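A.B. asks: Based on what follows, work out the 3D shape:
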Amino acid sequence: MDDVKDRFEQAVARSKTLSNRPDNPTLLRIYALYKQATLGDVQGEQPGFVDLVGRAKYDAWASLRGKSSQQAMIAYSALIDRLAEDDF
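C.D. replies: Next up, the predicted model:
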């Protein structure tokens, strides 16, 4: 687990230095995986239709319900690795 957590923390740091901004669906995936990895299943109530961004984030996170923290960390790290490769 320590290797997974270390790799995840490195990926979080690397995500802040990507030279190309990911598209919105990818940003939502990054957000959802991060939240699932750090907080677990989605919390709170789903925002209303007026809050489009909040609702999209909530729905993306909710789509990962049941995924373990470790699985989310692995998926997050793999996604950031792919994005970092595309930067070169």
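A.B. asks: Which residue ranges of this structure form helices?
C.D. replies: 2-15, 24-39, 52-62, 69-86 (DSSP state H).
A.B. asks: Turn those helices into a markdown table, columns for mean neighbour count.
C.D. replies: From N, CA and C alone the C-beta is placed, and that goes for glycine too. Output for the helices of the chain, formatted as a markdown table (neighbours: other CB atoms under 10 Å):
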| stretch | mean neighbour count |
| --- | --- |
| helix 2-15 | 14 |
| helix 24-39 | 18 |
| helix 52-62 | 16 |
| helix 69-86 | 17 |
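A.B. asks: out of these, nearest to Glu45?
C.D. replies: Closest to Glu45 of the helices of the chain, according to CB to CB: helix 52-62, at 8.4 Å.
A.B. asks: quick one, that closest one and helix 24-39 angle?
C.D. replies: For helix 52-62 against helix 24-39, the angle by axes from the mean of the first three to the mean of the last three CA atoms, to 10 degrees is 60 degrees.
A.B. asks: tell me the contacts of the spatially closest residue to Arg7 that is not a sequence neighbour?
C.D. replies: For Arg7, ignoring the flanking residues on the chain, the nearest one in space by CB to CB, 6 or more residues apart in numbering is Ser77 at 4.8 Å. Going by CB atoms under 8 Å, 6 or more residues apart in numbering, Ser77 touches 4, 7-8, 10-11.
A.B. asks: could you point out where the chain is predicted with low confidence?
C.D. replies: 1, 87-88 (pLDDT under 70).
A.B. asks: Repeat the analysis, applying 90 as the threshold.
C.D. replies: 1-2, 49, 85-88 (pLDDT under 90).
A.B. asks: was I right about Tyr34 contacting Val12?
C.D. replies: Yes - counting by CB atoms under 8 Å, Tyr34 does reach Val12; the two are 7.2 Å apart.
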